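Asker: Here is my input, please return the structure:
(2 chains)
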Amino acid sequence: MTDITALPRPPETSLLKTLRQTATFKAILVQPWTYLTGAVLLAVLAASLLNATGSVWGVTTALTYWAAWAWNLIGGDAHQWAYFKEASRAFNAPNLWFFNDAGTLIDVGLVFGALVATLLASQFKIKHVKSGRQVAAAILGGLLMGFGARLSFGCNIGALFSGVPSMSLHGWVFMLFIFLGAMVGSKLLVTVFIGAASMTPVAPPAAAPAAAPAGSAPASAGGGGGGIRRIQRTRVERKENVTQFPIGIAILVALAVVAYWYVDVQKAPRLAIFWVIGIALGFTLQRARFCFTAAMRDPCLTGGTNLTKAVMVALAVSTLLVSALQLGAYVRTGNFDAAVKIGLISPVGLHTAVGAFLFGIGAVISGGCASGTLMRVGEGFVQQWIALPFFCVGGLIGAATWPVWRDVLMVDMTSAVYLPKVLGGFAPALAAQLVALFAIWLLADWWSKRHTA
Amino acid sequence: MTEKMLDCLGEACPVPLIRTQKALGELAVGDVLVVSIDHSCAMKNIPEWANKEGHNFEIEEVSEGQWEVVIEKTH
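Answerer: Numbers count the residues shown, from 1 in each chain, chains lettered A, B, ... in the order given. As a prediction, the model looks like this:
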C-alpha cells in the first residue's frame, strides 16, 4: 500500500476517463442524486403513468402472478383460487402472460433501470452476503413482504405511494402500520440478524509519506462537503475499470429495441409505456438511493429522517399531480364521479393493518421493500436475489390461503374509503391531506435535530 | 492518533451505519475510522450521518461499487 497521490500520474488519454471527470457527467451519472430530486421525479413518473395508461404504479401484484404462473406450470391451477376471482381478477384475463402483463413490464423494467444506472456510474459489483444470518433474514423477510402485501392489497408502492395520493384511506392505514412493523423489524434486526463485528487496526505502510501533500484534491467519488482538509490515513490504489459504461450503454440500446418491438411489432404502445416508465423508475430509485424502507426504519434505528422527509415530499407532489389529473378530467367531462376514479382506492380494514405490519417487518430484515428489492436485484445484491423468489412465494401463499384470512380478518371488498367523501368534499380533503403530510415532515425534521449528539 | 478499519462489505443497510455509529463511539477524538462498504445506499447515509454529527469525512471509491468512508472523529 503506497500513497498514490505522491506518485506521478499517467496522462488521462481515454475519452471515457476524460468524460468521467466532467462535472455534468459526475452529477448526473456518478454521484447520488439528492433524495428531493428522487422524490419529485418518482411523483412525476407515477403521475405520467397514470395519465398515459389510467393505471397506478404497483409492484407486488406482478410478483404474485409470477409465482402463480410457475405454480400452473408445475401442474397447479391458480386460476381457480378464490383470491384471483375476488381480489385480483386481472389474473384471469384471457391470454395474460409474462410478456403482456403491464405490472411485469414495470417490475422487469425497474430491475434493468437500476442495473443501467449502476453500470453507467461504473459502480456495478456483485455484492455477496457475509453471513448465514443474512440469508435467513432475506428468506423470512421476502416471505413476510409477499404475504403481507396480499393481505393489504399492495405494498409500499401500490398501497402507500399510489394509495395516499389517490386520497384513499387504505394508503394512510398502510403508512401507519408499515411504520410500526418497521419498528419491530428494526428490533429483530439488531437483536437477531446483525451478528458481531469488530474493528481492526490499520498498520501504517513502512516507507510511505506520513501525510498527503497539503491541498491535493481528494480522490473522492462522492465528494461530501464535510472533510475540511485531507484526512491523514493509509491509502490504497484504485484500479480503474473502463468496461462498465459501454456495457450500460449497450443494455440501454437493447431496452430501447424492446420498447420499439412492443410499439411496432406487437402493436401494443400501452405496454411500451409501462416498460419505459418502469426503466425510468428503476433508474431514478437507484440514482437517488430512494429507499422507502429506510424512510420507515431510520427514525428509530439511526435517528436519520432525510428519507422520511423525502417520502412525505414525494407523497405531497404526487397528491397534487393526481388531483390535477382528476380536476382535468372533471373539467373535460363534467362527470365528478368518473373523475375521482383516477387513482387507486382499495378496501380498507383490519387486513390493511395486519398486512402492512408484516410487510414492514419483512422489509427491514431483508434490507428492502418491494421497489427496493427489485432495485437491488438490478444492482447485484445477492441478499435481494435470495429475497425476491421468496417474496413471490410469500405472495403465492397469501393468495392460496386467501379465504382463511378473508374470513378471519373480516375483509369487506366494498369497504374502500375515499377521503373526500368523509372529509366534506374534494378541496377540504386535499387541504387536510397536504397539512397532514407537512405535519409529518415537521415531526421528522424535529426528530432528526433532537437526535443529533 | 490511531486508524481502525471496519469491514462492512456484503452487509445491507442499515447495518453498516449502525456498526459505524457504535465503532466511532469507541474511538478517541482525532482517531480515524475507515469503513469499508459495498452497499450503494451506505455510501450516502454514512457520510450524511457523519456530516450531521460534525465529523470530518471523505468518500473514496476503491473499486467498482466499493467504497471506503473515512471518518475522523472530531468531538
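
Asker: Against chain B, how distant is the closest residue to A:Leu119 other than its chain neighbours?
Answerer: Nearest residue to A:Leu119 in three dimensions, chain neighbours excluded: A:Gly248, at 3.1 Å (CB to CB, 6 or more residues apart in numbering or on different chains). Every residue, glycine included, has its C-beta placed from N, CA and C. According to CB to the nearest CB, to the nearest Å, A:Gly248 and chain B sit 12 Å apart.

Asker: for A:Gly248, what are its contacts?
Answerer: A:115-116, A:118-120 (CB atoms under 8 Å, 6 or more residues apart in numbering or on different chains).

Asker: So which of these is the closest to chain B?
Answerer: Nearest to chain B out of the contacts of A:Gly248 is A:Thr118 (CB to the nearest CB; 7.1 Å).

Asker: What residue in the stretch 1-150 of chain A comes nearest to chain B?
Answerer: A:Lys125 (3.0 Å).

Asker: brain fart, the stretch 351-453 of chain A
Answerer: Closest approach of the stretch 351-453 of chain A to chain B (CB to the nearest CB) occurs at A:Gly367, with a separation of 3.4 Å.

Asker: so who does that residue touch?
Answerer: Residues in contact with A:Gly367 (CB under 8 Å, 6+ apart) are A:137-138, A:141, A:293, A:376, A:381, A:383-384, A:387, B:12-13.

Asker: show me what contacts residue 19?
Answerer: All of this refers to chain A. The contact partners of A:Leu19, taken as CB under 8 Å, 6+ apart, are A:Phe25.

Asker: Switch to chain B, please.
Answerer: B:Arg19 makes contact with A:197, B:6, B:8, B:11, B:35, according to CB under 8 Å, 6+ apart.

Asker: which of these has the most neighbours?
Answerer: Sorting the contacts of B:Arg19 by how many neighbours each has (other CB atoms under 10 Å in any protein chain shown) puts B:Val35 first, at 29 neighbours.

Asker: and the gap between that residue and A:Leu188?
Answerer: For B:Val35, the distance to A:Leu188 (CB to CB, to the nearest Å) stands at 24 Å.

Asker: Could you pull out the strands in chain A for me?
Answerer: Ranges of strands within chain A are A:200-201, based on DSSP state E.

Asker: Show me the shaky parts of it.
Answerer: A:1-13, A:203-230, A:234-241, A:453 (pLDDT under 70).

Asker: Kindly list the longest helix within it.
Answerer: Determined from DSSP state H, the single longest helix within chain A is helix A:306-333.

Asker: Could you pull up the residues touching the nearest residue to A:Ile345 once chain neighbours are set aside?
Answerer: Counting by CB to CB, 6+ apart, the nearest residue to A:Ile345 once its immediate chain neighbours are dropped is A:Ser168, at 4.1 Å. By CB under 8 Å, 6+ apart, the contact set of A:Ser168 is A:343-346, A:348, A:416-419.

Asker: what's the most distant pair in these?
Answerer: A:Gly343 and A:Val348 (14.3 Å; CB to CB).

Asker: Quick check: the gap between the residue lying closest to A:Val202 once chain neighbours are set aside and A:Phe91.
Answerer: Among residues not flanking A:Val202 along the chain, B:Glu3 sits closest, at 4.3 Å (CB to CB, 6+ apart). Separation of B:Glu3 from A:Phe91 (CB to CB): 57 Å.
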